[in-house]
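Student: Provide a 3D model corresponding to the input given below.
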Amino acid sequence: MAEDGSDVFDVRFHRGSQNWPSNPFLFQGPGQLVVEPDFLVLRGSSHRSFRFPARAEERVRKVDIVNVRTEGPDVLFDVVGVEGMQEVGFSAADADAARAIAKRLPARWTPEFEVAYQERAVFHDRIDYWSPSTPVIWGLLAANIGIFFLMWLQRHGPGAFSMRTVLGWGSQVDAMLRSFQLVEWGSNVGRLTLHGQPWRLFTSMFLHGGLLHLAFNMFALWQVGRLVERIFGSLRFACLYLLAGLAGSMASVLWNPHANSVGASGAIFGIIGGLLAFIRRENSGVPPTVVADLRGSILPFLLFNLTAGFLYPHTDNAAHLGGLAGGWLAGHLLARSLHVPGQTRT
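Tutor: Model prediction:
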């Protein structure tokens, strides 16, 4: 506590991050929060391009603060201004410190925010009730990563580690060996898949041409798959992933039978298609606020990746579109209701 009776907290600000609370003042790094009787003072370092950060201070009237909430160690609130509301967020030392800060801020919620907040809370209660864990995602991550490094060991041996070869940036000879190995391990090649080896539609889903290819796919699977598994349930999610991946592989081999196609992206697009199918159902148990949140995040992701796929020549967009369509259909077949017995329906 300061000498004038104000409460002082050490906090951390984040700038322009999707995974952390951001702030409109462009503060970044360690800072301070001072809670005065009528004002909230935020002190931090303001980032400047090609120059050292500048120490700055912003004062916010408490009367303009609404919708205070905490998410673990993070504190977020909205500031009402002439141009509408701005969201301000930062991280406290821990969840207890975050709650202590929130108790010292105004407890006013706008009607629209209260409805949205309650609907999000209901949604998380429902998926916690039905599917508190995501074992299939962990299994898929382990399988994809494990197979990639087993293939690398087969090509190079344990004593020949090289970041260039792990990334897939080796010599032309290494690239040829990797291509032949992918075929050996089950890539989706039309002359084989369509002539007696249909199992390649499945095995190709777990093969990747390089570390960056693997990393991008596994990151997307982790980001999207955890929520989708909890919405569908583990067994239904596994079926959704498999059916979508097979649909993507089939679309790929029919569109371009001469390609040596590998990767989990068809299945990943498929679980997104399954999620879109799920949330459009009338009795899904996903509240309207959450439906709007999901659509607002998923549709730009799809548009960006499909556009990039058409611009980048080595991207298998046929697998992406086939997986998306297959996941959409499978999502309708596998969807369940998230309503909890005895809970008020929203």
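Student: could you check which helix or strand contains the most centrally placed residue in the chain?
Tutor: By CA atoms, centre = their mean, the chain has its centre lying nearest to residue 223, at 2.6 Å. In this structure, residue 223 sits in helix 211-232 according to DSSP states H and E.
Student: against which helices or strands is that helix packed?
Tutor: The helices and strands touching helix 211-232, judged by 3 or more CB pairs under 8 Å, 6 or more residues apart in numbering; DSSP states H and E, are helix 111-130, helix 135-156, helix 163-167, helix 234-255, helix 265-279. (C-beta placed from N, C-alpha, C; glycine too.)
Student: just to revisit the earlier point, show the model's pLDDT score for the residue nearest to the centre of the chain.
Tutor: pLDDT recorded at residue 223 is 93.
Student: and residue 210, by the same measure?
Tutor: So residue 210 comes in at 88 (pLDDT).
Student: what's the burial count for it?
Tutor: 18 (other CB atoms under 10 Å).
Student: with residue 307 instead?
Tutor: 11.
Student: surely it forms part of a strand?
Tutor: No. Assigned with DSSP: H, G, I helix; E, B strand; the rest coil, residue 307 falls outside any strand and is helix.
Student: show me what contacts the residue nearest to residue 72 when sequence neighbours are not counted?
Tutor: Nearest residue to residue 72, sequence neighbours excluded (CB to CB, 6 or more residues apart in numbering): residue 95, at 5.2 Å. The contact partners of residue 95, by CB atoms under 8 Å, 6 or more residues apart in numbering, come to 70, 72, 73.
Student: SS state for the first one?
Tutor: In terms of secondary structure, residue 70 is strand; the call rests on three-state DSSP.
Student: residues near it, how many?
Tutor: Residue 70: 18 neighbours (other CB under 10 Å).
Student: enumerate every residue touching it.
Tutor: 76, 95, 98, 99, 101, 102.
Student: may I see the buried residues of whichever strand or helix holds the last one?
Tutor: Taking DSSP H and E as the criterion, residue 102 maps to helix 95-103. Of the residues in helix 95-103, those with enough neighbours to count as buried (16 or more other CB atoms under 10 Å) are 97, 98, 100, 101, 102.
Student: helix, strand or coil: sort out the nearest residue to the fourth one once chain neighbours are set aside for me.
Tutor: Once its chain neighbours are removed from consideration, residue 101 has its nearest residue in residue 75; the separation is 5.2 Å (CB to CB, 6+ apart). On the three-state scheme (three-state DSSP), residue 75 is labelled strand.
Student: so residue 75 bridges to which residues?
Tutor: residue 70, residue 90 (DSSP bridges).
Student: what about it, distance to residue 29?
Tutor: Distance from residue 75 to residue 29, counting by CB to CB, to the nearest Å: 16 Å.
Student: what does residue 144 give?
Tutor: 35 Å.
Student: give me the more crowded residue out of those two.
Tutor: More crowded of residue 144 and residue 29, by other CB under 10 Å: residue 144, with 19 against 13.
Student: and for the nearest residue to that one once chain neighbours are set aside, the neighbour number?
Tutor: Excluding the flanking residues, the one nearest residue 144 by CB to CB, 6+ apart is residue 206, at 5.6 Å. The tally of other residues near residue 206 (other CB under 10 Å) stands at 20.
Student: what does the one 5 residues further on give?
Tutor: One way to gauge burial is a neighbour count; for residue 211, by other CB under 10 Å, it gives 18.
Student: with residue 305 instead?
Tutor: Residue 305 has 18 nearby residues by other CB under 10 Å.
Student: where in this protein is pLDDT low?
Tutor: 1-5, 17-18, 48-51, 82, 158-173, 343-346 (pLDDT under 70).
Student: mind running it again at 80?
Tutor: 1-6, 16-19, 47-53, 82-83, 156-176, 309-314, 342-346 (pLDDT under 80).
Student: mind splitting it into its structural domains?
Tutor: 7-109, 130-334 (automatic domain parsing).
Student: single out the most deeply packed of those domains.
Tutor: domain 130-334 (a mean of 18; mean count of other CB atoms under 10 Å).
Student: circling back: ok, the residue nearest to residue 72 to residue 120 distance?
Tutor: For residue 95, the distance to residue 120 - CB to CB - is 18 Å.
Student: cool, residue 31 as well?
Tutor: Counting by CB to CB - residue 31 and residue 120 are separated by 28 Å.
Student: and if you look at residue 150?
Tutor: 41 Å.
Student: ok, residue 6 next?
Tutor: 33 Å.
Student: try residue 179
Tutor: With CB to CB as the criterion, residue 179 and residue 120 are 47 Å apart.
Student: nearest residue to residue 43 other than its sequence neighbours?
Tutor: Residue 43 sits nearest to residue 32 (CB to CB, 6+ apart), 4.4 Å away.
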